[in-house]
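*Asks:* Sharing a model prediction with you, sequence too.
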Protein chains: 2
Amino acid sequence: MSKEITIYDIAKELDVSPTTVSRALNDHPAVNKNTKQRIFDAASSMGYRSNLFASNLRSKRTNTIGVIVPMLNSHFQSSVIAGMEKVANQEGYNLIISQSLGAAEKEIANAKTMFNSRVDGLLVSLAHNTGDTSHFDPFFQKGVPVIFYDRIAEHQQGIGIVIDNMQAAYKATTHLIEQGCTRIAHISGSPKINVYAERLKGYKYALIDHNLPFDESYVLAGSKLNEEAGIEAARQILRMDPMPDGIFVSNDTCAASCIKALKQAGKSVPEDIAVVGFNNDSICGIVEPSLSTVDYPGYEMGEVAVRSLLNLINGVSDAHITNTITLRSELIVRESSTRKAFAARSAADAETQKKVLY
Amino acid sequence: MSKEITIYDIAKELDVSPTTVSRALNDHPAVNKNTKQRIFDAASSMGYRSNLFASNLRSKRTNTIGVIVPMLNSHFQSSVIAGMEKVANQEGYNLIISQSLGAAEKEIANAKTMFNSRVDGLLVSLAHNTGDTSHFDPFFQKGVPVIFYDRIAEHQQGIGIVIDNMQAAYKATTHLIEQGCTRIAHISGSPKINVYAERLKGYKYALIDHNLPFDESYVLAGSKLNEEAGIEAARQILRMDPMPDGIFVSNDTCAASCIKALKQAGKSVPEDIAVVGFNNDSICGIVEPSLSTVDYPGYEMGEVAVRSLLNLINGVSDAHITNTITLRSELIVRESSTRKAFAARSAADAETQKKVLY
DNA sequence: TTGTAAGCGTTATCAG
DNA sequence: CTGATAACGCTTACAA
């Protein structure tokens, strides 16, 4: 284990003070350009690397951002994290990532770890079953900024970053209506989670605005939107009388397995039942028929989240003023919802619809 | 921002020395049980939290493990990380995770960041196009242990953790042969990556051991095994004459899109062509027919990786002795490779096969 | 533009 | 079993 070079070593070598070295390395303006260059050269030739811990200890900053995420293995979440990482890297921050795996319990433990690691800020997408968010109170008490994204708390402190789930659901449902569907079911997740509650609203309002009845019994709300949930939902839908001719599902995985189950029961998609999912996961292109869905701007959300957090950390903005940042999302139409007979009409309607929406 | 409590505050409060407080908090054996308890109580009632940076600075350990991964959004990689996180948490380590997104360039940058962050150890699954691994040399020079997993380097320093890709591929191919396939194609990734090279070998040996010809033209090696690659592979396979009656694909996503393309061309799976994938991604259950595949023990691999790394960090084991750790994998048979006519024979053969294999 | 000196909060060392 | 003291490597008033 070779000895670590410190700013003292560089200082001695160049016969300047450690302070000057420190300043030069931090690109402080009040250091002679020449000296700065000499110091940089010496640093690199001597194999110096800065000691973050000494620096953190002294400056009381960690240059680390904590991320708590339900799970990493979705197209959406990994895009978000990619976006976060990009900006964080640019600005010289590290990301400590932990998964709550959907369990509030693990989320609480992770929050504690992040707190003890003294992250400069925290980015959180809540677990499925997180009831209260008091485990984030220590951060608020210490003035460590916390930003919730995607799955945000109902009455939260801190900023929330979301897409307009209601609008997205409204668009998706309207699209089904334009395709000629009149009995549209909705498969939703836990109504306790904001995203599902908002999507349910969008679904409901779209129906109402197009003079279709909103029927509670057409809404299937489970807790987890996984493969099993899709199969179970299909079972229930097949039993409905009259059977729905369209489904808006709040999650692609669930939509995909639901489609599979419906097909196995002899129904054809989109002819008998048109389906729209949510997330634009990679399975969308693989399932048959390919799945119409809502594309989340995950990468952008990650970028915005980190940028906003850095503003809070640096005192540039104030969490008491900004409260929610809303990003746009986009409906992607594929085969699972495209009924040939309605295609022409649909295109015309889309124009009209835009005026209604905005 | 309330004032942070330090061990000095606790020491003053209880009229002991800071040293004793430090020792107690670290559960040092040479501290009176009673004193220890008093210190613990005071610490929690005063709202003390340890300052990792001071501790790291002094002890020259960071309690942080760096993870560099190609991408997070696969069933396999996220399982690995879940396993890593579990063990790391248990042992009081944090995980800093970064994605190389398959680009060697980003991997190099990430390695540098990890180095400057002074991680105690590094876990790496190499990017697609990583040629040489000299960007990890600084770690070796400083004696920071590095463990490669899954995608390991050809002539690497440090320990490698892998599954027996050759054996897994051998099993998968043998399974296809047992189902009556005689012309089996193989869709592979870059032969520069160990996992694909090994799987190709397993495929080849299985053919040879069962007296089937190994034909280079039946091997389609692309660089990325994504959806497009599956479609392109299907195109090529459809042009082959005679057309293969089985395909072993080194990746599920690619296998799924390949199946879709084959079906669109009027071929039926598994009747015309049986298919086996690799990874046991979540799409396996959703595609039609459901996809037979090789299940990687991802979670275990993560656990083993961290445990091994901690042993190296703590000097319990020695990287010069252990070189490669190989984990078992499992063939999961689903519809895409099950030909009813051969089912009975297959069961009998499986027994025989075991004797051949082990 | 540069330097001096005093910490940041912990742990290692040595001495009881 | 406990304590005094000196680092760890850096930043930041303050001073020149």
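*Replies:* Looks like it came in fine.
*Asks:* Residues contacting the host helix or strand of residue A:253, please?
*Replies:* When elements are assigned from DSSP states H and E, residue A:253 belongs to helix A:252-264. With contacts defined as C-beta atoms under 8 Å, 6 or more residues apart in numbering or on different chains, helix A:252-264 is touched by A:187, A:225-231, A:233-235, A:237-238, A:247, A:249, A:269, A:272-273, A:275-281, A:283-284, A:287, A:289, A:291, A:293, A:336, B:282, B:285-286, B:288. For every residue, glycine as well, the C-beta is placed using N, CA and C.
*Asks:* Can you give me the buried ones in it?
*Replies:* A:252-263 (16 or more other C-beta atoms under 10 Å in any protein chain shown).
*Asks:* per-residue confidence for residue A:160?
*Replies:* Listed pLDDT for residue A:160 reads 92.
*Asks:* ok now the helix holding residue A:253, how far from the chain's centre?
*Replies:* 24 Å (C-alpha atoms, centre = their mean, to the nearest Å).
*Asks:* any idea which helix or strand comes after that helix?
*Replies:* strand A:274-276.
*Asks:* For chain A, what lies in contact range of DNA strand D?
*Replies:* Counting by C-beta under 7 Å from any atom of the strand, chain A comes close to DNA strand D at A:4, A:6-8, A:18-19, A:22-23, A:25-26, A:48, A:50-51, A:54-55, A:57-59.
*Asks:* ok, now which ones touch the residue nearest to the spatial centre of chain A?
*Replies:* Nearest to the geometric centre of chain A sits residue A:150, at 4.6 Å (C-alpha atoms, centre = their mean). Listed by C-beta under 8 Å, 6+ apart, the contact set of residue A:150 reads A:76, A:80, A:125, A:161-163, A:195, A:296, A:301.
*Asks:* mind listing the helices for the stretch 251-358 of chain A?
*Replies:* Applying DSSP state H, counting those that start in this stretch to the stretch 251-358 of chain A gives helices spanning A:252-264, A:298-313, A:340-357.
*Asks:* repeat for the stretch 51-200 of chain A
*Replies:* Assigned by DSSP H, counting those that start in this stretch, the stretch 51-200 of chain A shows helices spanning A:52-59, A:75-90, A:104-116, A:137-142, A:165-178, A:194-209.
*Asks:* Quick check: which element contains the nearest residue to residue A:265 once chain neighbours are set aside?
*Replies:* In this structure, residue A:265 finds its nearest non-sequential neighbour in residue A:238, 5.4 Å apart by C-beta to C-beta, 6 or more residues apart in numbering or on different chains. If you go by DSSP H and E, residue A:238 is part of helix A:227-239.
*Asks:* then that helix to PDB, C-alphas only?
*Replies:* What follows is helix A:227-239, C-alpha atoms only, in PDB (Å, rounded to 0.1, in the frame of the first residue of the first chain):
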ATOM      1  CA  GLU A 227     -48.200 -10.600 -13.400                       C
ATOM      2  CA  GLU A 228     -50.600 -12.400 -11.100                       C
ATOM      3  CA  ALA A 229     -52.700  -9.300 -10.700                       C
ATOM      4  CA  GLY A 230     -53.100  -9.200 -14.500                       C
ATOM      5  CA  ILE A 231     -54.300 -12.800 -14.600                       C
ATOM      6  CA  GLU A 232     -56.700 -12.200 -11.700                       C
ATOM      7  CA  ALA A 233     -58.000  -9.100 -13.400                       C
ATOM      8  CA  ALA A 234     -58.600 -10.900 -16.600                       C
ATOM      9  CA  ARG A 235     -60.500 -13.500 -14.700                       C
ATOM     10  CA  GLN A 236     -62.800 -10.900 -13.200                       C
ATOM     11  CA  ILE A 237     -63.200  -9.000 -16.500                       C
ATOM     12  CA  LEU A 238     -64.200 -12.200 -18.300                       C
ATOM     13  CA  ARG A 239     -67.000 -12.700 -15.700                       C
END
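*Asks:* Point out the other helices and strands that it packs with.
*Replies:* Packing partners of helix A:227-239 (3 or more C-beta pairs under 8 Å, 6 or more residues apart in numbering or on different chains; DSSP states H and E): strand A:184-188, strand A:219-221, strand A:246-249, helix A:252-264.
*Asks:* In a markdown table: those, plus mean pLDDT.
*Replies:* Formatted as a markdown table, those follow (pLDDT from 0 to 100):
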| stretch | mean pLDDT |
| --- | --- |
| strand A:184-188 | 97 |
| strand A:219-221 | 95 |
| strand A:246-249 | 97 |
| helix A:252-264 | 95 |
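*Asks:* Need the phi and psi values for the residue of chain A positioned farthest from its centre.
*Replies:* Here chain A reaches farthest from its C-alpha mean at residue A:15, the gap being 51.1 Å by C-alpha atoms, centre = their mean. Here is the backbone geometry of residue A:15 (degrees, to the nearest 10): phi 60, psi 50.
*Asks:* What's the local residue count around the residue nearest to residue A:191 when sequence neighbours are not counted?
*Replies:* Closest residue to residue A:191 apart from its sequence neighbours, by C-beta to C-beta, 6+ apart: residue A:197 at 5.1 Å. When counting by other C-beta atoms under 10 Å in any protein chain shown, one arrives at 17 neighbours for residue A:197.
*Asks:* How about residue A:337?
*Replies:* Using other C-beta under 10 Å, residue A:337 has 31 other residues around it.
*Asks:* ok, back up a step: do you know which of the helices of the stretch 51-200 of chain A lies nearest residue B:207?
*Replies:* Set against residue B:207 and scored by C-beta to C-beta, these come closest in helix A:75-90, at 36.1 Å.
*Asks:* So which residues on the stretch 51-200 of chain A come close to chain B?
*Replies:* For the stretch 51-200 of chain A, the residues in contact with chain B under the definition C-beta under 8 Å from any C-beta of the partner chain are A:51-54, A:56-57, A:62, A:71-75, A:77-78, A:81-82, A:85, A:89, A:94-99, A:101, A:109, A:113, A:115-118, A:141-143.
*Asks:* what do you get if the cut-off is 7 Å, keeping everything else the same?
*Replies:* Residues of the stretch 51-200 of chain A lying close to chain B by C-beta under 7 Å from any C-beta of the partner chain are A:52-54, A:56-57, A:71-75, A:78, A:81-82, A:85, A:94, A:96-99, A:101, A:113, A:116-118, A:141-143.
*Asks:* Any of these buried? List them.
*Replies:* Among these, those classed as buried by 16+ other C-beta under 10 Å are A:52-54, A:56-57, A:71-75, A:78, A:81-82, A:85, A:94, A:96-99, A:101, A:113, A:117-118.
*Asks:* Which single residue of the stretch 201-350 of chain A approaches DNA strand C most closely?
*Replies:* Taking C-beta to the nearest atom of the strand, DNA strand C has its nearest neighbour within the stretch 201-350 of chain A at residue A:313, 18.7 Å off.
*Asks:* What about that residue, how many residues nearby?
*Replies:* Around residue A:313 there are 19 residues (other C-beta under 10 Å).
*Asks:* wait, isn't it in contact with residue A:121?
*Replies:* Yes: with contact defined as C-beta atoms under 7 Å, residue A:313 reaches residue A:121; the gap is 5.1 Å.
*Asks:* what is in contact with these two at once?
*Replies:* Shared contacts of residue A:313 and residue A:121 (C-beta atoms under 7 Å, 6 or more residues apart in numbering or on different chains): residue A:145.
*Asks:* now chain A, which segments are flagged as low pLDDT?
*Replies:* For chain A, the stretches with pLDDT under 70 are A:1-2, A:155-156, A:341-358.
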